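**Q** Here's my sequence, what's the structure:
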Amino acid sequence: MHTFTRWESSYSTKRRKSPLRTAESLATLFEAFGPRVVDQAMTDYSMLSRSPTPYCEVLARNAEELSALVSHSKSLDVSLRIRGEGHSLNGSSLPRLGELVVRGDALRHIRFDESGSVTAGGGGVVWDIDRIVAERGFSLPVINDGFPGPSIGGYVAAGGFGASSRVAGGLWESVKRLVVVDGLSRIHELTPADAVFPWIFGSMGQLGYIVEVTLMLNESDAPYPLGTTVSSTAAVSTDNAPHTQAMREEPGLVWFTLFTSVAEAKAAGEALMRLEKRYERHAAFRPQYSYLIRHHAVVAPLIYPRCEDFIATGTWGLWAGSPNQYGGRVRAFESDLTKIALIHKWRRYLQTEYVSSISRFREVLGAAYQDFRILKRQLDPNGTWNPGSVIPA
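**A** Sure thing, here's the model as predicted:
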């Protein structure tokens, strides 16, 4: 078992019992942080989960203000829910009753501080960051495929991989620095040399809010724009983001991914094809996708546990009917998929995909889940960040 002595804390893990607060009362209690009461419900990407209304939200602006926000929320025993671009199927970014939503829309700065890298605010959309560096003759080693959905903070929290991972590896291989505000209001600057660094990838906001990400840039002959700062404003809030519009045009879009060794990738693809066959009356499945994810130096234990190249093999398609109609079928499909993964000891990509119960994380992650719980107790012992979505509150 991994040890994290640097992160030990004497704080009690017991939570006080306090009444659930309304959105309006939260707005009063957090008046200093510029709150906003929202009457329209948020949904996850699958539209299978919906937030209560109204809810109260604030914007994350910088690490110092976030640290003060965490301290204030702890004094009031109010939980915080991180919401980026909402590019996931499992509802983990949707607030529960009495929670305060923390959004990253104001964290979209991009700085060129050091040759070979770019530093981006956690709320900047990955494709937007890549566009801005491309305008200066550079590119990011890893970006997501599909729609221009996730923020860079959300991409880290989800693990992060794409087609270019066959060369560059997962996102964890190309990040030089993370700034994270934990559940004790501490600000951490993490590099690959820190024991906790690889656990942030795939952590789903359990360990803190990702304020900044410093990314490597691919080699280029272009002059490095040292000292340049850009405000990334092309990507707008979740409710109007390009990927959300595409989702509305294709309701019922759901995907599931298995992570396997290279040798077992073919067997995983065949298992998914058999599963698709059983549900073909209910969904229009598209051709499977498969990514090689190269291993270089870093292992992200919440994504894949071994020091080796691995394969992401996935099934995706459109489920017929409304969310109320296809929800039960998606749950059944997810249950059958999980059984396959457990039988073969394959990993599921839980971080962005539909998960029917919190016990799935313990079942699929195995020993890594126990280590993760230890780290959660050390960095967020009161369960301030995203309680009850991965680890029981």
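**Q** show me where pLDDT drops low in the protein?
**A** 1-19, 233-251 (pLDDT under 70).
**Q** Show me where it has its helices.
**A** In the chain, the segments counted as helices under DSSP state H are 23-29, 63-76, 126-134, 152-158, 165-168, 197-200, 242-249, 265-278, 323-344, 359-365, 367-379.
**Q** Please identify the most buried of those.
**A** Among these, helix 152-158 has the highest mean neighbour count (mean count of other Cβ atoms under 10 Å), at a mean of 29. C-beta coordinates here come from the backbone N, C-alpha and C atoms, glycine included.
**Q** name the helices or strands packed onto that one?
**A** Counting contacts by 3 or more Cβ pairs under 8 Å, 6 or more residues apart in numbering; DSSP states H and E, helix 152-158 packs against strand 117-121, helix 126-134, strand 209-216.
**Q** try 7 Å
**A** Contacting helix 152-158 under the criterion 3 or more Cβ pairs under 7 Å, 6 or more residues apart in numbering; DSSP states H and E are the following elements: helix 126-134, strand 209-216.
**Q** Tell me which of the ones you listed sits nearest to residue 61.
**A** When those are compared by Cβ to Cβ, strand 209-216 sits nearest residue 61, at 9.4 Å.
**Q** can I have the closest one written out in PDB, keeping just the CAs?
**A** The C-alpha trace of strand 209-216 is given here as PDB (Å, rounded to 0.1, in the frame of the first residue of the first chain):
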ATOM      1  CA  TYR A 209     -10.100  21.900  -7.100                       C
ATOM      2  CA  ILE A 210      -7.600  22.100 -10.000                       C
ATOM      3  CA  VAL A 211      -6.800  25.800 -10.400                       C
ATOM      4  CA  GLU A 212      -4.000  25.700 -12.900                       C
ATOM      5  CA  VAL A 213      -2.400  23.100 -15.200                       C
ATOM      6  CA  THR A 214       1.100  23.600 -16.800                       C
ATOM      7  CA  LEU A 215       1.300  21.500 -19.900                       C
ATOM      8  CA  MET A 216       4.200  20.500 -22.100                       C
END
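**Q** now the helices of the chain as JSON lines including distance to residue 393?
**A** As requested, the helices of the chain are arranged in JSON lines below (distance: least, Cβ to Cβ, whole Å):
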{"stretch": "helix 23-29", "distance to residue 393": "18"}
{"stretch": "helix 63-76", "distance to residue 393": "15"}
{"stretch": "helix 126-134", "distance to residue 393": "30"}
{"stretch": "helix 152-158", "distance to residue 393": "18"}
{"stretch": "helix 165-168", "distance to residue 393": "33"}
{"stretch": "helix 197-200", "distance to residue 393": "20"}
{"stretch": "helix 242-249", "distance to residue 393": "28"}
{"stretch": "helix 265-278", "distance to residue 393": "32"}
{"stretch": "helix 323-344", "distance to residue 393": "22"}
{"stretch": "helix 359-365", "distance to residue 393": "13"}
{"stretch": "helix 367-379", "distance to residue 393": "11"}
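**Q** Report the contact partners of the nearest residue to residue 66 once chain neighbours are set aside.
**A** Leaving aside its chain neighbours, residue 66 sits nearest to residue 181 (4.4 Å; criterion: Cβ to Cβ, 6 or more residues apart in numbering). When contacts are counted by Cβ atoms under 7 Å, 6 or more residues apart in numbering, residue 181 is found next to 63, 66-67, 70, 187, 208-209, 211.
**Q** Which single one of those residues is nearest to residue 390?
**A** When these are compared against residue 390 (criterion: Cβ to Cβ), the nearest one is residue 208, at 13.4 Å.
**Q** Contacts only, for that closest one.
**A** So residue 208 contacts 180-183, 379-380, 385 (Cβ under 7 Å, 6+ apart).
**Q** Could you rerun that using 6 Å?
**A** Applying Cβ atoms under 6 Å, 6 or more residues apart in numbering to residue 208 gives the contacts 180-182.
**Q** just residue 41 next, same as before
**A** Residue 41 neighbours (Cβ under 6 Å, 6+ apart): 50-51, 53.
**Q** Which members of these are classed as buried?
**A** Among the contacts of residue 41, the ones that count as buried by 16 or more other Cβ atoms under 10 Å are residue 51.
**Q** okay, now the domains of this structure?
**A** 19-105, 109-237, 250-372 (automatic domain parsing).
**Q** From the contacts of residue 208, which land in strands?
**A** 180-181 (DSSP state E).
**Q** Same list (the contacts of residue 208) but as TSV, adding distance to residue 392.
**A** Formatted as TSV, the contacts of residue 208 follow (distance: Cβ to Cβ, whole Å):
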residue	distance to residue 392
180	22
181	23
182	19
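**Q** now, which of the contacts of residue 208 sits nearest residue 101?
**A** Closest to residue 101, out of all of the contacts of residue 208 and judged by Cβ to Cβ, is residue 181, at 15.6 Å.
**Q** residues in contact with residue 67?
**A** Taking Cβ under 6 Å, 6+ apart, we find residue 67 in contact with 181, 185, 187.
**Q** Nearest residue to it in space, ignoring adjacent ones along the chain?
**A** Nearest one to residue 67, counting by Cβ to Cβ, 6+ apart, is residue 185 at 4.5 Å.
**Q** Let me see the contact set for the one you found.
**A** So residue 185 contacts 67, 70-71 (Cβ under 6 Å, 6+ apart).
**Q** For residue 159, the count of nearby residues, please.
**A** 25 (other Cβ atoms under 10 Å).
**Q** And it, how far from residue 265?
**A** 18 Å (Cβ to Cβ, to the nearest Å).
**Q** shouldn't residue 265 be in contact with residue 312?
**A** No. Assessed by Cβ atoms under 6 Å, residue 265 is found out of contact with residue 312, at 8.9 Å.
**Q** before we move on, back to that, got CSV for the domains of the chain, with distance to residue 390 too?
**A** What follows is those, written out as CSV (distance: least, Cβ to Cβ, whole Å):
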stretch, distance to residue 390
domain 19-105, 7
domain 109-237, 5
domain 250-372, 5
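**Q** who wins for proximity to residue 389 among these?
**A** domain 19-105 (4.0 Å).
**Q** how deep is residue 138 tucked in, by neighbour count?
**A** Count around residue 138 with other Cβ under 10 Å applied: 20.
**Q** Run through the residues that contact it.
**A** 217, 220.
**Q** same thing but 7 Å
**A** The contact partners of residue 138, by Cβ under 7 Å, 6+ apart, come to 217-218, 220, 222.
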